[in-house]
Structures are given as structure tokens and as C-alpha cells.
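In: One predicted model, sequence on top.
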Amino acid sequence: MIVFQLGDSFPRDQFIEDEIGRRTSLACLSYREILDRYQSGLRMRRIATRLATLRRVLADLKGRPVILVGRSSGARVITRLAAEGSAQIRGVVCVSYPFRRPGARLDPDRIDHLRQLATPTVIYQGAQDEYGDVKAAAAYGLSARITLVAIPGEHEFRRELFPWDDLMTRLEAMAAAAPPALCNGAARGRLRKGPPLLLDPPGWVDLRDRAKAAARRLAATLRRRPA
């Protein structure tokens, strides 16, 4: 399962979820779904609060393997959680990691855990990101398990310029590494290649299911309209 944590600009960055959900056969737990289920629909900016929420999400998944995808402050949350060493987390994908506030001193809380991270991680970073570009990030002594990928743009980037195919290849590789003993062959979402990733418990929303439901509602509305 792919679990999302987006940034403080949410829902402007929700297109990351939408694009991945459109391309993958894996189940996705959206950031909005997490907010609604665990935070009464409220966004919390404190990293510690968001960490606590995400720990509850993983606990409710009862050991099922997950891939964490986060942007900006959400990337801070998921890397902090991965640094705690849970084997449940099979991989981490970060977009626009905020290595430092523009004009501010380097904050160890944003960097130190990245030096010890043992989970396979990829960070897509804008070539002109004011929160730290790839060249600056490479000087921070990050873990060898982290791959830095430069993308065109700044902290906010253009959707059409993002390397979605590369991201999907990496996501599928992470999912395929899930131990077979933890995989459920009856799960409804499968990788195109390799073993299936365990999916959401009953009642959790798949982004693709949400899109299909919206299309059905629209079709029903159009049928009811008088000619």
C-alpha cells in the first residue's frame, strides 16, 4: 500500500496523489483520508503530531508493508518515521524535501536522521529549490540508502515536467521487495510484475475507487437531466 503525507500547501500538491493513483495498480491511502480518519479533518503542522498520527496508521495496518510518499513537510514526517526502523516500511519517496528554511541556519532536526536512514529512499528535488537543491543536499552526508534525483523547477514544480515514469519504476521496485510471507494473493490491487503488495483493510478508500465513484455520480446526474 502507498501511504501519502503531503505538504503545508495541501491541497495544491494533491496532484501527486492523483498522478500516482492513476498510474499504479497498488492501493493508495490519501492524505485527505488520513486527515479525515485520524485528525477530524484538520491539518496539523507540528511534525511530532503528524508523526504520532502516522504511527497510528501503520499500527492499524497490522504489519502490512507500506511505501511512504511525501512532499515538503510530509517528506520530513515520513523520513522521521522510517528512521525509527520499522520493517513494515518497504520504501520512502520524497518530493521537494525541505532541507533548510530559506535564509535560516541549518536545522539538525531536518538533516540528522537522514544520515542514519536504512530504508531505501529516493528524494526528487528541484534544481532551483530554495529549501535546498540537489547539489547542496549532496554535501550533507546523507545515508547511502538515499538517492537524490534532480528535477526541473523550484520547491513548487510543474506537473508536466516531473519524471513520473521514473518514480513509478522505483515504487514498483520497492513494492516487489515486500516479503512473500507478508503478501496476500487475494488482494485486489496487484503489481504488473512481481508479488502483490498488501492492501487496505475494509472501508479504506482507494484513489482509483474514488475516481470511479465520481464518474458514476456524474453519469447518473446527466441521465436525470431533462432533454
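Out: Yes, it's here.
In: Tell me, how many residues neighbour R22?
Out: Residues lying near R22 (other C-beta atoms under 10 Å) number 11. Glycine gets a C-beta too; all of them are placed from N, C-alpha and C.
In: Pop out the phi and psi values for it.
Out: With angles defined as degrees, to the nearest 10, R22 sits at phi -70, psi -30.
In: Quick check: the gap between it and F15.
Out: To F15, R22 is 10 Å away according to C-beta to C-beta, to the nearest Å.
In: and the gap between the residue nearest to the spatial centre of the chain and D36?
Out: The centre of the chain sits closest to V69, judged by C-alpha atoms, centre = their mean, with a distance of 1.3 Å. In this view, V69 and D36 are 18 Å apart by C-beta to C-beta.
In: Check P102 too.
Out: From P102 to D36 the distance is 32 Å (C-beta to C-beta).
In: more crowded one of the two?
Out: More neighbours surround D36 than the other of P102 and D36, with 13 against 10 (other C-beta under 10 Å).
In: and G153, how many neighbours does it have?
Out: Count around G153 with other C-beta under 10 Å applied: 16.
In: so is it in a helix, a strand, or just coil?
Out: State at G153, reduced to three classes by DSSP: H, G, I helix; E, B strand; the rest coil: coil.
In: That one contacts E130, correct?
Out: No: here G153 does not reach E130: they are 11.0 Å apart, not a contact under C-beta atoms under 8 Å.
In: mind listing the helices for this structure?
Out: Remark: helices assigned in the chain by DSSP state H are 15-23, 31-38, 47-60, 73-82, 108-116, 134-137, 164-176, 207-224.
In: how about the shortest one: buried residues?
Out: Spelled out, it's helix 134-137. Applying a neighbour-count criterion of 16 or more other C-beta atoms under 10 Å, one finds V134, A137 buried in helix 134-137.
In: and the gap between I111 and L142?
Out: To L142, I111 is 8 Å away according to C-beta to C-beta.
In: Same check on T169?
Out: From T169 to L142 the distance is 21 Å (C-beta to C-beta).
In: For the residue lying closest to T119 once chain neighbours are set aside, give me its contacts.
Out: Nearest residue to T119, sequence neighbours excluded (C-beta to C-beta, 6 or more residues apart in numbering): A82, at 4.2 Å. Residues counted as contacts of A82 (C-beta atoms under 8 Å, 6 or more residues apart in numbering) are L68, I89, V92, L117, T119, T121.
In: and the gap between A82 and P120?
Out: According to C-beta to C-beta, A82 and P120 sit 9 Å apart.
In: Mutual contacts of those two, please.
Out: By C-beta under 8 Å, 6+ apart, A82 and P120 have these common neighbours: V92.
In: re the thing from before, can you tell me the closest non-neighbouring residue to the residue nearest to the centre of the chain?
Out: V93 (4.6 Å).
In: That neighbour: neighbouring residues, count only.
Out: Using other C-beta under 10 Å, V93 has 24 neighbouring residues.
In: can you pull the contacts of it?
Out: By C-beta under 8 Å, 6+ apart, the contact list for V93 reads I67, L68, V69, G70, T121, V122, Y124, L167, R170, L171, M174.
In: Report pLDDT for the second one.
Out: This points to L68. Note on L68: pLDDT of 97.
In: mind listing what it touches?
Out: L68 neighbours (C-beta under 8 Å, 6+ apart): I2, V3, Q5, L54, I78, L81, A82, I89, G91, V92, V93.
In: can we see that at 7 Å?
Out: V3, Q5, I78, L81, A82, I89, V92 (C-beta atoms under 7 Å, 6 or more residues apart in numbering).
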